[in-house]
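>>> sequence first, then the predicted structure:
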Amino acid sequence: SPNSIVILENCNSWGAEHGWGGFVGVNQAYLKALNVGVLAHVKQVSLGPCGQPAGWGNPRNDMKLCREMCVARFMQVGSDVAAAMR
């Protein structure tokens, strides 16, 4: 329903790919949904060493520890928006 919270896993709202964090296809779909008005961005959540060099907090530069999510609000979808998403 409109104004509901949507959480997309493996998503980076800046379009970055970070190992097991933001995936290119998910990022692109998220940005398209924002551009056509299906979603309204709320915030980016990144856990682990996403995009950080080896060192403090990421001694092995293990990007498998990265988890990223995009948090958005679902907006009212009309037929014109649904057609644009195809």
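Yep, that arrived. Numbers count the residues shown, from 1 in each chain.
>>> which residues in the protein form strands?
In the chain, strands defined by DSSP state E lie at 5-9, 39-47, 67-74, listed in chain order.
>>> out of the ones you listed, which comes closest to Val26?
Ranking the strands of the chain by proximity to Val26 (CB to CB) places strand 5-9 first, at 6.3 Å. Yep, even glycine has a C-beta here, placed from its N, CA and C like the rest.
>>> any idea of the pLDDT on the nearest residue to Glu17 once chain neighbours are set aside?
Spatially, and ignoring its direct neighbours in sequence, Glu17 is nearest to Val24 (5.5 Å; CB to CB, 6 or more residues apart in numbering). pLDDT recorded at Val24 is 92.
>>> from what I can see Val24 touches His18, true?
No: counting by CB atoms under 8 Å, Val24 does not reach His18; the two are 10.9 Å apart.
>>> tell me which of those two has more neighbours.
Each of Val24 and His18 has its neighbours counted (other CB atoms under 10 Å); His18 has more, 19 against 12.
>>> the residue nearest to Glu17 and Ala40: what is the separation?
22 Å (CB to CB, to the nearest Å).
>>> for Phe23, give me its contacts.
By CB atoms under 8 Å, 6 or more residues apart in numbering, the contact list for Phe23 reads 10-11, 17.
>>> with that, I have no additional questions.
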